[in-house]
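Trainee: The following comprises the amino acid sequence and a computationally predicted model.
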Amino acid sequence: MKVSRIAKATLIALVALFLLAPLAAQTYYTSKAVAADEKALLAEKRPDFSSPAFVDKSVKVAGLPETLTWYTSKPPVMGSKRAKAGGVWSGYMAEYPTTFRTVGPNSNHAYRSLFLTNVGTININSETKEWIPGEATHWAFGADGKTVYYKLNPKVKWSDGAPVTSKDYLFMLEFMRSPHIQAPWYNNYYTETITDIKAYGDYVIAVTANVAMDKDDLLYNTSVGPRPAHFYGGKVPADFVEAYQWKAEPVTGPYKLLDYVKGETLTFQKVKGWWGHEYDYNKYRYNAEFLEYQVITGGNEIVKKYFYDGQIDQFFQIIPTEWAAGESAEAIKKGWIDRQYHFYVPLTGVSGIIMNTAFPLFADKNVRWGMYYAVNIQKMIDTELRGEYARYHNIGLAHVFGGIKFNAEDLRKPDFDPKKAGEFFDKAGYSLFDSDGIRKNAAGQRLSFELLYSSPNHTARLSILREEAKKAGLDMQLKLQQTGIFTSILEKNFQAWWGAMSTGLYGSYWQYFHSENAKPQTNNFWSYANPEMDKLLDAFEAEPSLAKKAELQQKIERMVHEEALVVPNYYVPFTRLASWKWVRYPAWLGQQFDDSWSDPINGGYFWIDEAIRKEVLAAKKSGQAYKPLLIKDETFKAK
């Protein structure tokens, strides 16, 4: 798979390790374990994470229906050699999981991933987006363009010790198609998209998709995970939903559920002798022995109190005011808590002011174009967000897959310009003014709309947009709706929405802009219908070539821009947090497309140093202060 390479020089980590000194000279405390690791941290260099796929001519598999060429890759060590195994990590949940099941009713909750840590047949490198081995060591393509053969790793085991074989993949297909799991989307996907899985002995499977695809797309769609057949007795029980409500499946990942108190806590334990460490890229990762989650309700301020009290180990400080407030926190000033700041390229979907064209005001394209000039996104970023977020100009970012860039990266929204906005509003007939300076048309209808949003944290940001819009004669009325907002959005019961949607490896725009979805209970939030757009979307869905898909996606993005359907807001090009000093990280923190480096299961790059914990707690008890430490990686900071 072709992936554009970063020049070798730029692979050198631009890591800044800031030992923050106050204005006056001060003598700082030091301790043995802290001093040793901070010295090693300063010497640590960013590795080359590349893992190009290659043909492995040594692999021969008998008994297959066709002659195959087998591919694999050898990703390097991605963890820090400073890492130590063991220790207890403490985190939190905002609410308790509604079930331990990962499919079926109420399973799509915020903590589902804790119970679904299967590795996957193959995976994607978070730095280069190249393919890397997982539960399969090798892969090969069938002549039909629809089938991928996977050579399974015989060392893979379930967390209860049972071996993973081809039978678990066959059972997975039966499981996902079963009406007993009460999951229509999975029933459909594993019938209509994944049409067959065949086993050739215990350690080779062939997964077939419904249509021929580009090879990278085919890998993405057929890289399915197993289900533990032995756990279910080889069949899907009719009472699956009720019987397995609070039973966690065995997994192939590094952590298994050890204990729980319903409604309060979850405790996970590292799988003893976890098979995944045989791969170099998993070495020095998933280091903690125990992961403890407790429910903390009441919002960010309550969570922060738990953090500074030492009851949880990490606290995100992405919001600019939260980061700034951390400067004055005693535990940070005294160096008991370190801070981490990593720039990356975030995979971003639609985000900003989404205009419902079923609302008469936004049915007029001139009004929508006027919005481009009347909404002062940059001032909001520069003031309320302290210039730390990056302005967004499109409906997709970081859609890079198969070595191909999918986004129309040259798109730019215009700068705030009340005069230019007025020219478009004049064309729409809003050329008169009320006594308060808000525009109106000849019928007395005001240039006014209601902006729906869900987070109180955004009120100050949106207030800036509201006041600036008045300069263009536009009345933006803010409406905070903290519960049930997405129901309103799906029903198209709104005028404009300050919202965002996640995205995949490339755009999934048919759901958003096709006329077939211009109705309630769909993701076409715009109520938008355009035959020319439909042609592009239909062509994109039918196109097997990734290169041609990318061309079509860029045309779709340009059309959305020309139609002025959304005023993009910003994206957050970094992850930053505060961590108690015993939580240790690689000097480079994370990778180009990765924001999970601080997560114990999805990233697993940090570790708990119990010797440092002991030293820090002793220093805290006696009031002794370490020199404050900030680890900042700017390798992928936007230029």
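Mentor: Yep, that arrived.
Trainee: Below-threshold pLDDT in this structure: ranges please.
Mentor: Counting by pLDDT under 70, the chain shows low-confidence ranges at 1-25.
Trainee: One more pass at 90, please.
Mentor: The chain contains residues with pLDDT under 90 at 1-26, 108-110, 185, 298-300, 457, 482-484, 486-487, 638-639.
Trainee: In contact with Leu347, which residues?
Mentor: 397-399, 503, 505, 593 (CB atoms under 8 Å, 6 or more residues apart in numbering). No exception for glycine: its C-beta is placed from N, CA and C like everyone else's.
Trainee: Just read off the phi/psi values of it.
Mentor: In this entry, Leu347 is assigned phi and psi values of phi -70, psi 110 (degrees, to the nearest 10).
Trainee: From Leu291, how far off is it?
Mentor: From Leu347 across to Leu291, the span is 25 Å (CB to CB, to the nearest Å).
Trainee: ditto for Ile395
Mentor: Between Ile395 and Leu291 the computed distance is 36 Å (CB to CB).
Trainee: So between the two, which is more surrounded?
Mentor: Higher neighbour count among Ile395 and Leu291: Ile395, with 28 against 23, using other CB atoms under 10 Å.
Trainee: Verify the contact between the more buried one and Gly507 for me.
Mentor: Yes: using CB atoms under 8 Å, Ile395 is in contact with Gly507, at 7.4 Å.
Trainee: Quick check: neighbours shared by those two?
Mentor: 349, 557.
Trainee: Provide the secondary structure category for Gln482.
Mentor: Secondary structure, DSSP: H, G, I helix; E, B strand; the rest coil: Gln482 is coil.
Trainee: again with the one 4 residues further on
Mentor: When states are read from three-state DSSP, the local structure at Phe486 comes out as helix.
Trainee: Could you report the separation of it from His514?
Mentor: Taking CB to CB, one finds Phe486 at 20 Å from His514.
Trainee: Which one of these two is surrounded by more residues?
Mentor: Each of Phe486 and His514 has its neighbours counted (other CB under 10 Å); His514 has more, 21 against 12.
Trainee: OK, contacts around that one?
Mentor: Applying CB under 8 Å, 6+ apart to His514 gives the contacts 524, 533-534, 537-538.
Trainee: In CSV: the contacts of Leu347, plus distance to Ile438, neighbour count and secondary structure.
Mentor: Shown next, in CSV, are the contacts of Leu347 (distance: CB to CB, whole Å; neighbours: other CB atoms under 10 Å; DSSP: H, G, I helix; E, B strand; the rest coil):
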residue, distance to Ile438, neighbour count, secondary structure
Leu397, 34, 21, strand
Ala398, 39, 19, coil
His399, 39, 23, coil
Thr503, 36, 19, coil
Leu505, 44, 18, coil
Phe593, 44, 18, coil
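Trainee: The residue lying closest to Lys235 once chain neighbours are set aside: neighbour count?
Mentor: Of all residues not flanking Lys235 in the chain, Glu174 sits nearest, at 7.9 Å (CB to CB, 6 or more residues apart in numbering). Glu174: 16 surrounding residues under other CB under 10 Å.
Trainee: Surely Glu174 forms part of a helix?
Mentor: Yes: counting by three-state DSSP, Glu174 is found in a helix.
Trainee: Quick check: which element contains Pro250?
Mentor: Following DSSP states H and E, one finds Pro250 outside all helices and strands.
Trainee: tell me which residues in the top helix by length along the chain are buried?
Mentor: Ranked by residue count under DSSP state H, the longest helix found in the chain is helix 546-563. Using 16 or more other CB atoms under 10 Å as the test for burial, helix 546-563 gives 546, 549-557, 559-561, 563.
Trainee: And stretch 623-639, by the same measure?
Mentor: Residues 624-633, 635-636 are the ones in stretch 623-639 that count as buried (16+ other CB under 10 Å).
Trainee: Rebuild those residues as TSV, extending it with distance to Asp280 and secondary structure.
Mentor: Output for those, formatted as TSV (distance: CB to CB, whole Å; DSSP: H, G, I helix; E, B strand; the rest coil):
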residue	distance to Asp280	secondary structure
Gln624	40	coil
Ala625	39	coil
Tyr626	34	coil
Lys627	34	coil
Pro628	34	coil
Leu629	29	strand
Leu630	30	strand
Ile631	24	strand
Lys632	27	strand
Asp633	22	strand
Thr635	21	coil
Phe636	23	coil
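Trainee: mind listing the strands for the stretch 1-150 of the chain?
Mentor: 15-19, 54-55, 71-72, 88-93, 122-124, 131-133, 136-141, 147-152 (DSSP state E, counting those that start in this stretch).
Trainee: Adjacent strands (with direction) for the second one?
Mentor: Which is strand 54-55. Strand pairing for strand 54-55, determined by DSSP bridges: strand 71-72 (antiparallel).
Trainee: Test my guess that Glu130 contacts Ser50.
Mentor: Yes: with contact defined as CB under 8 Å, Glu130 counts as touching Ser50 (6.9 Å).
Trainee: Looking at these two, which is more packed in?
Mentor: Glu130 (21 against 16).
Trainee: Against Val400, how distant is the more buried one?
Mentor: Here Glu130 is placed at a distance of 11 Å from Val400 (CB to CB).
Trainee: thought Arg82 was touching Lys45?
Mentor: No: in this structure, Arg82 is not within contact of Lys45 by CB under 8 Å, at 11.9 Å.
Trainee: Those two: who's more crowded?
Mentor: Arg82 (18 against 11).
Trainee: With adjacent residues omitted, what lies nearest to the more buried one?
Mentor: Distance criterion CB to CB, 6+ apart; nearest residue to Arg82, sequence neighbours excluded, is Ala40 at 5.1 Å.
Trainee: One more: Val251?
Mentor: Nearest non-adjacent residue to Val251, counting by CB to CB, 6+ apart: Thr117, 4.7 Å away.
Trainee: before we move on, what about Ser178?
Mentor: Leaving aside its sequence neighbours, Ser178 sits nearest to Val236 (CB to CB, 6+ apart; 4.2 Å).
Trainee: same thing with Val119?
Mentor: Gly134 (4.4 Å).
Trainee: now that neighbour: how far from Asn282?
Mentor: Distance, Gly134 to Asn282, by CB to CB: 10 Å.
Trainee: next one: Gly507
Mentor: With CB to CB as the criterion, Gly507 and Asn282 are 31 Å apart.
Trainee: Settle it for me: which of the two has more neighbours?
Mentor: Gly507 (24 against 21).
Trainee: tell me the phi and psi of that one?
Mentor: When read as degrees, to the nearest 10, the backbone of Gly507 gives phi -60, psi 150.
Trainee: That one contacts Val560, doesn't it?
Mentor: No: with contacts counted by CB under 8 Å, Gly507 stays clear of Val560, the gap being 10.0 Å.
Trainee: any common contacting residues for the two?
Mentor: Here Gly507 and Val560 share the contacting residues Ile395, scored by CB under 8 Å, 6+ apart.
Trainee: which strands and helices sit next to the longest helix of the chain?
Mentor: Judged by 3 or more CB pairs under 8 Å, 6 or more residues apart in numbering; DSSP states H and E, helix 546-563 is in contact with strand 404-405, helix 531-542.
Trainee: wait, which of those is closest to Lys427?
Mentor: In terms of CB to CB, the element of the helices and strands packed on helix 546-563 nearest to Lys427 is helix 531-542, at 21.6 Å.
Trainee: Buried residues, the closest one. List them.
Mentor: Going by neighbour count (16+ other CB under 10 Å), the buried part of helix 531-542 is 533, 536-537, 540.
Trainee: same question, stretch 340-359
Mentor: Of all the residues in stretch 340-359, those buried under the rule 16+ other CB under 10 Å are 340-357, 359.
Trainee: Next, the distance between the ends of that stretch.
Mentor: Using CA to CA, to the nearest Å, the gap from the first to the last residue of stretch 340-359 comes to 44 Å.
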